[in-house]
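structure for this input, please:
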Amino acid sequence: MKQSPALNPLGHILPHPPLPFTSVNYFKRGDGWEMPWHSHEELQFLVVTSGSLTIHLETETQTLLPGDASLIPPGAAHALFTQGGYEQIGANVLLKDEQALMGAIGLLKEHIKAPLMVRCEQIAAQAPALLQMLIKGSAIDQARLCLSLHAALLQAVEAVIYEQSSQFDVQLSTFLDQRLGDKLSSSQVAASFHMSVSQLERLSHRFFGQGIIALYNQKRLIEAQVLLANSALPIGVIAQRIGFEDTSNFSAFFTRKTGLSPSAYRKRKQ
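Okay, here's the model as predicted:
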């Protein structure tokens, strides 16, 4: 039986990847690894699958954890450092033929103007399978791997379009309104919009003047006030509708925010 090629413990690079990919790779870096300031002629796309990676940029420093992805456009200077080691799956993408990857290259050129960090949990979750495709390097495996990277790049563009869209505030507000009973976390909301938590927080502050959890709790509070004032629903049911399984926790939350217990608020409003 023919055996698959062995994995280099430090990394693996796909031989002769199809354009517009100029490199498709897996790297494993040890404690204290660093790369000094440099830039690329292509767009660099990497997804951290294990550990953490710090990227120094000209205007900020970003730390990528598993599931975080970074897109660095051509010519953007950056330096890399990992204190405890990390693993990545990534690619370098040539941005010349705007019609390549079914038009994705044109979208990347248009929207990725500065280094960007987004969430890319699907690639991180599929890392073992993708790594096997990279090692085997057959035509089918190569195609599947590149298609997965293509889909991830499109998700990244989608995240940027969300950020640039004047409708993002409406989209985010509607998303939260429809999930008041779900006890959302900031990471869950960020993943739904295919962006990092820091990017989501930046947008939430830009459009609403507060962080995403503060905004979510504000909406939960308003819904509770409306139901207390305009319905006869038991307080326990109202608590469940805005994501509190325990009525006492809901009462503490409501009292802290309004200065009145739910029952006192209802009595005053009805």
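
the helices in the protein, which residues?
Using DSSP state H, the helices of the chain run over 104-111, 121-125, 127-136, 139-164, 168-177, 186-192, 197-208, 212-230, 235-241, 247-258, 262-269.

redo the ones you listed as TSV? Include mean neighbour count, mean pLDDT and distance to residue 30.
Just so you know, the C-beta spots here come from the backbone N, C-alpha and C atoms, and that holds for glycine as well. Converted to TSV, the helices of the chain look like this (neighbours: other C-beta atoms under 10 Å; pLDDT from 0 to 100; distance: least, C-beta to C-beta, whole Å):
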stretch	mean neighbour count	mean pLDDT	distance to residue 30
helix 104-111	18	89	31
helix 121-125	19	86	20
helix 127-136	16	90	18
helix 139-164	18	85	25
helix 168-177	15	92	40
helix 186-192	17	89	28
helix 197-208	18	86	26
helix 212-230	17	95	35
helix 235-241	18	94	49
helix 247-258	16	94	45
helix 262-269	15	91	55
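
now those in a markdown table, with distance to residue 46?
Compiled in a markdown table, these are given as follows (distance: least, C-beta to C-beta, whole Å):
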| stretch | distance to residue 46 |
| --- | --- |
| helix 104-111 | 15 |
| helix 121-125 | 10 |
| helix 127-136 | 12 |
| helix 139-164 | 10 |
| helix 168-177 | 26 |
| helix 186-192 | 18 |
| helix 197-208 | 17 |
| helix 212-230 | 25 |
| helix 235-241 | 42 |
| helix 247-258 | 40 |
| helix 262-269 | 49 |
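
among the ones you listed, which is nearest residue 77?
In terms of C-beta to C-beta, the element of the helices of the chain nearest to residue 77 is helix 104-111, at 19.0 Å.

so that closest one versus helix 139-164, what angle?
Angle, helix 104-111 to helix 139-164, by axes from the mean of the first three to the mean of the last three C-alpha atoms, to 10 degrees: 30 degrees.

so how far is helix 104-111 off the chain centroid?
With C-alpha atoms, centre = their mean, to the nearest Å as the basis, helix 104-111 stands 19 Å off its chain's centre.

low-scoring stretches of the stretch 1-150 of the chain, by residue?
Within the stretch 1-150 of the chain, the stretches with pLDDT under 70 are 1-9.
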